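1. Kindly generate the corresponding structure for this input.
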Amino acid sequence: MTGDRQQGPDDARVITSRRRVLAAAALAPVLTAASPAAARALPTGTTGPGHGRLVKPVPTELDHWAGVAKALGRSGSMLRGTTYHTAFPRRDLLVVSDGVVVTPGLALGTHVAFVRYADGSTMVMGDAVATEDELQHVIDAWQANGIQQTALHKHLLAQTPDLWWAHVHGHGHDAVALARGLRAGFDRTGTPPAVAPARSAPVDLDIARMEAALGAKGSVDDGLYKIVFMRRETVTDGHLVLPPGLGSTSAFNFQPLGGGRAALSGDCAMLADEVPHVLKALRRGGIKLVELHNHHLSENPRLFFTHFWAVDDGVRLARALRRAVDATNVVPGG
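-> You can find the predicted model right below:
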C-alpha cells in the first residue's frame, strides 16, 4: 500500500544519527560537570564569580599574627602597617658565585609576607630558596597543602651548589593553615632555626656617594647595604589590592668585598614597555642579566622582573643602576 513504505538503509542511518545527537545532548551537562576544566577551582587571586569587587588590605598589628608565628616556628615583623613579614635565611649553605662567597642576606633569603583583607581573608606570598635536590620535595609538600607556585627561577649565575627560587602564593580565611602549609615545605629543606639578629656594623662602601648616585636612601642590614624602590601604580592580584611595596619592588643588595668593591644581587620590577630599556641600561653598566620572569599569575598591571648580578666598585654599580631605575615608574621605599 502507498502509506506503508519500507525503511531503506538511508532511513536507518538518519534515525541512528538523530539518536546519537539526542543522546549527546542529554549527556552534555554530565560531561561538562565531569570535565577537568570544570573541576578545577579558579587559581587563587583570579577574577571570577563573586570576585568582581576589589578588596583592600586592612591594617594589622604584630600580635594579630601570633598564631602564624607559632606555625612558622619563628617571629616576624610588620612592614608599613599592613604586611607581616618573616625571613628564613639559608645560613646552612656555603654558596659561591663568580668567585664570591655569597652571604645569606645577599641572595639566600627565603621571605614570606601575610596580608589581612577587608573580607576577613588572608593572602600570603613569598620567595623561597631550595637546593636542586630539595626542590621537588618542597613543591610536593606545598601542593599537598594548597600552596601555589607562581615562578621557578634563578637569582645567581653558575652558583655552587645548584639553587632554585620558588615564588609561593596562598589565599584563604585561615591564616594559620596557610602558615602550616608553608612550613610543610620549609621542613623539607635544610633551612636552619632562627638566630638572634646581629648588630649592624659599618660596611666598607662609600654609601654617601652611592646614595647620591641612586637618588635615594638605603639601609645597612646584616653586613649588607640595601636599597628598595616601589612601583607607583596600585597593583592588584585578581580581586585583591596589594599593599604598596608587596610583590612590586625593585631591590638592590650590595655585599662589601673590600676597598669599596661590592657584589651586587638585584631584582627590578618593570612593566612590559620598560623591560627593553632596563635590560639595556643594566648591560651598558656591565651588569650581568640572570633571569627575566613574572612573580604573579593574575596581577594588574602585568609586571616583569629581572634578576641581575655584578662585582665592581660600589659607586660605579650605583650609577649603572640609576639608569635602570630612571627607566621605571618607581619611588624610593622602605
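2. looking at this structure, which helix or strand does the model trust least?
-> helix 36-39 (a mean of 26; mean pLDDT, DSSP states H and E).
3. Where does the prediction get shaky in this protein?
-> 1-52, 334 (pLDDT under 70).
4. which residue ranges form the strands in the stretch 151-300 of the chain?
-> 163-172, 219-221, 224-231, 236-237, 240-241, 249-258, 261-270, 288-293, 299-300 (DSSP state E, counting those that start in this stretch).
5. Pull the residues that contact stretch 169-179.
-> The contact list for stretch 169-179 (CB atoms under 8 Å, 6 or more residues apart in numbering) reads 44-45, 65, 67-68, 70-72, 114, 116, 120-125, 146-150, 181-182, 237, 240, 296-297. In this view, the C-beta of every residue, glycine as well, is placed from N, C-alpha and C.
6. Could you rerun that using 6 Å?
-> 44-45, 67-68, 71-72, 120-125, 147-148, 150 (CB atoms under 6 Å, 6 or more residues apart in numbering).
7. what's the answer for stretch 196-204, then?
-> Val220, Tyr225, Pro256, Gly258.
8. Repeat that for stretch 222-241.
-> Contacts of stretch 222-241 (CB under 6 Å, 6+ apart): 45-47, 51, 54-56, 105, 123, 203, 205, 216, 218-219, 242, 244-245, 248-255, 269, 296, 298-301, 329-333.
9. So which bits of that stretch are buried?
-> Within stretch 222-241, the residues that count as buried by 16 or more other CB atoms under 10 Å are 222-231, 235-241.
10. right, so the strands of the stretch 151-300 of the chain: which one is the most enclosed?
-> strand 261-270 (a mean of 24; mean count of other CB atoms under 10 Å).
11. now the angle from that one to strand 288-293?
-> Per axes from the mean of the first three to the mean of the last three CA atoms, to 10 degrees, the angle that strand 261-270 makes with strand 288-293 is 30 degrees.
12. Format the strands of the stretch 151-300 of the chain as a markdown table; extra columns: distance to Gly109.
-> Formatted as a markdown table, those follow (distance: least, CB to CB, whole Å):
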| stretch | distance to Gly109 |
| --- | --- |
| strand 163-172 | 10 |
| strand 219-221 | 11 |
| strand 224-231 | 10 |
| strand 236-237 | 22 |
| strand 240-241 | 24 |
| strand 249-258 | 9 |
| strand 261-270 | 10 |
| strand 288-293 | 16 |
| strand 299-300 | 22 |
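13. Would you state the helices of the stretch 1-150 of the chain in chain order?
-> 9-34, 36-39, 66-72, 104-107, 132-144 (DSSP state H, counting those that start in this stretch).
14. chain center to the last one, what's the gap?
-> Yep, that's helix 132-144 we're talking about. 16 Å (CA atoms, centre = their mean, to the nearest Å).
15. What would that helix look like as CSV? C-alpha coordinates only.
-> C-alpha atoms of helix 132-144 as CSV (Å, rounded to 0.1, in the frame of the first residue of the first chain):
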residue,chain,number,x,y,z
GLU,A,132,68.1,21.4,43.4
ASP,A,133,67.9,18.2,45.5
GLU,A,134,65.3,19.7,47.8
LEU,A,135,63.1,21.5,45.1
GLN,A,136,60.7,18.7,44.0
HIS,A,137,60.1,17.5,47.6
VAL,A,138,59.3,21.1,48.7
ILE,A,139,56.9,21.6,45.8
ASP,A,140,55.1,18.4,46.5
ALA,A,141,54.7,19.4,50.2
TRP,A,142,53.3,22.8,49.2
GLN,A,143,50.9,21.4,46.6
ALA,A,144,49.6,18.9,49.2
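16. Can you tell me which helices and strands that helix packs against?
-> Contacts defined by 3 or more CB pairs under 6 Å, 6 or more residues apart in numbering; DSSP states H and E place helix 132-144 against helix 175-186.
17. Show me which residues of the helix it packs on are buried.
-> Buried residues in helix 175-186 (16+ other CB under 10 Å): Ala175, Val176, Ala177, Leu178, Ala179, Arg180, Gly181, Leu182, Arg183, Ala184, Gly185, Phe186.
18. swap in stretch 325-334?
-> So for stretch 325-334, counting by 16+ other CB under 10 Å, buried means Val325, Ala327, Thr328, Val330, Gly333.
19. if I look at the nearest residue to the third one once chain neighbours are set aside, how far off is Val228?
-> Counting by CB to CB, 6 or more residues apart in numbering, the nearest residue to Thr328 once its immediate chain neighbours are dropped is Glu274, at 5.2 Å. Noted for Glu274: a distance of 17 Å to Val228, by CB to CB, to the nearest Å.
20. Gly172 too?
-> 28 Å.
21. what's the answer for Asp162, then?
-> 28 Å.
22. Dig out what Val102 forms beta bridges with.
-> Beta-bridge partners for Val102, by DSSP bridges, are Val95.
23. Alright, I will stop here.
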